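Colleague: Pasting a predicted model and its sequence here:
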Amino acid sequence: MSLFDDDRPQKPAAHEIGGDLSLLSVDELSSRIDLLQAEIIRLEEERTRKSAGRQAAENLFRS
């Protein structure tokens, strides 16, 4: 890693929670909604996967 990596411009976040929405167009708002809905699905799937793993571990120790 270079000493100058911090000087590179940072990629802006696709969406900042609580950020100002007043300057966004309807299309931009729709795109962000789609992005966030996809992220919610991804989070729910990961939660389900982890819950199943936890339940399997609990069942193993109860046996």
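Modeller: Looks like it arrived, so ask away.
Colleague: Where does the residue nearest the centre of the chain fall, secondary structure wise?
Modeller: For the chain, the residue nearest the mean C-alpha position is residue 39 (5.0 Å; C-alpha atoms, centre = their mean). Assigned by DSSP states H and E, residue 39 belongs to helix 26-62.
Colleague: From the chain's centroid, how far away is that helix?
Modeller: For helix 26-62, the separation from the chain centroid amounts to 9 Å (computed by C-alpha atoms, centre = their mean, to the nearest Å).
Colleague: which parts of it are buried?
Modeller: Neighbour counts over helix 26-62 (16 or more other C-beta atoms under 10 Å) mark no residue as buried. Using the backbone N, CA and C atoms, a C-beta is placed for each residue, glycine as well.
Colleague: what about this protein, any weak spots by pLDDT?
Modeller: In the predicted model of the chain, residues 1-6, 10-13, 63 satisfy pLDDT under 70.
Colleague: Go again with 80.
Modeller: 1-14, 56-58, 60-63 (pLDDT under 80).
Colleague: can you pull the contacts of residue 44?
Modeller: For residue 44, the contact set (C-beta atoms under 8 Å, 6 or more residues apart in numbering) is empty.
Colleague: which ones are touching residue 30?
Modeller: Contacts of residue 30 (C-beta under 8 Å, 6+ apart): none.
Colleague: what about it, distance to residue 47?
Modeller: From residue 30 over to residue 47 the distance is 26 Å, taken as C-beta to C-beta, to the nearest Å.
Colleague: again with residue 29
Modeller: With C-beta to C-beta as the criterion, residue 29 and residue 47 are 26 Å apart.
Colleague: With residue 36 instead?
Modeller: For residue 36 relative to residue 47 (C-beta to C-beta), the value is 16 Å.
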